Every structure is written in C-alpha cells, then in structure tokens.
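Peer 1: my questions are about this predicted structure, shown below with the sequence.
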Amino acid sequence: MHRDGLEALLRKYTAIQRLREPASGSEPAVAKAEMRALADEFPGALRELDRLELPAIVLRVQELERALASGVAQPWMRQMVAFHSELRSALALKRVLSERARALREADLEAVCRQVSESIAQDCPIDLARDVLAREDGRLSQLVIERVARAAGATVLDVEDNLFPDENPGLRRRARRQSEGRE
C-alpha cells in the first residue's frame, strides 16, 4: 500500500476526530464546510462521522500512525482506500449516466469511463460502469463494499466490519481498553 493512501486516511480520521470531540467548538458553518470537504475527498466518510464512537476513531488514528511508522498497513486500511476510490468513481458514474444510459453500447460506456476518469483524476473501470448501470436499488455504497470484498478475497461482512466498526462491539471494546490504558 502506498504511503500517500495511509497519509490520506490519517488526515481523514484526524478530521473526523476533531469534528467529533466535544470541545471542538467549531462554528456550525465552519463544521459544515469541513464535513463537505471531508465528503468530497472521502466519499462515505460522513457515515463514519455519524456512527463511529470517539474511542474507535482515536484507535484508528493510532493504528494509522503506527502503520506510517512501520510501513505495514492493516487489511482495513487497504480496504478503506479501495472503498473511497470505488465509491468516488461510482458516484461520478451515476452523475454521468442517466436512465437512457441503460441502452448504451460498450463503446459508449468506455467513453463515459474516460470522461469520468478525467473528471475525478483516477481510473474508472468499465466493469464498475456496468455494475452501476445494473444496480437497480441504487445502493452504491453496498455495491462498492461487495466489489472491495471480491477484490480482497474477503466476505462482505468482514469488509463491512473492517470499514465500519460501528456495529462491531469487539473493536469498540478494544478501543475502550486501549483508551483506559489496559491494552
């Protein structure tokens, strides 16, 4: 995993920690602007801001600092970088594609992917475009989690636990123990 991916995640979790800390004292307009910037750079991050408990956020910051020092990334870090990247592409594709796009030919999809790649400055795979078009329920976050799981050779549940430990009591307990100095 590239160092810049770890640094970006550390920026994200530091921002989330700052926004979540009780004494942040940010003016509502400033906090709203910070949340917008966070969501623009890290699609899906507001879910973490809403749901992660502060000890879990602090734990992630500490784990990322250790990973940067050691050069060894944990699986959740690689999966989170992939999640943000895929979701950014999926959201951009959704903006470009419309209902009439369901009849697009393969060459048209390739052109749309090139357009999206240029607009978001990252690769937009054609298979993601096909998946976005085929997704009837519009749940792009879930689609991206499924794709990240496939790419990582993991289960969807494992990836969800790694990405969003808000529903993972084990991580919450570990974060609390560490914050209390018991780990």
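Peer 2: Okay, I see it. Numbers count the residues shown, from 1 in each chain.
Peer 1: next one: phi and psi at the residue nearest to H84 when sequence neighbours are not counted?
Peer 2: Nearest residue to H84 in three dimensions, chain neighbours excluded: F42, at 5.0 Å (C-beta to C-beta, 6 or more residues apart in numbering). All C-beta spots, glycine's among them, are computed from the backbone N, C-alpha and C. Main-chain dihedrals, F42, degrees, to the nearest 10: phi -130, psi 80.
Peer 1: so F42 makes contact with S85?
Peer 2: No: using C-beta atoms under 8 Å, F42 makes no contact with S85, being 9.9 Å away.
Peer 1: more neighbours, the two?
Peer 2: Neighbour tally, F42 and S85, criterion other C-beta atoms under 10 Å: the higher count belongs to F42, 25 against 19.
Peer 1: please report how far the more buried one lies from A90.
Peer 2: Separation of F42 from A90 (C-beta to C-beta, to the nearest Å) stands at 14 Å.
Peer 1: what do you get for G153?
Peer 2: For G153, the distance to A90 (C-beta to C-beta) stands at 21 Å.
Peer 1: higher neighbour count, the two?
Peer 2: A90 (23 against 7).
Peer 1: sec struct for the more buried one, please.
Peer 2: helix (DSSP: H, G, I helix; E, B strand; the rest coil).
Peer 1: where's R150, which helix or strand?
Peer 2: Using DSSP states H and E, R150 falls within helix 140-152.
Peer 1: A39 now?
Peer 2: A39 belongs to helix 28-41, assigned by DSSP H and E.
Peer 1: and the next helix or strand after that helix, average pLDDT?
Peer 2: Counting by DSSP H and E, the next helix or strand C-terminal to helix 28-41 is helix 45-51. For helix 45-51, mean pLDDT is 90.
Peer 1: who does helix 45-51 touch, helix- and strand-wise?
Peer 2: Using 3 or more C-beta pairs under 8 Å, 6 or more residues apart in numbering; DSSP states H and E as the contact test, the elements touching helix 45-51 are helix 3-20, helix 28-41.
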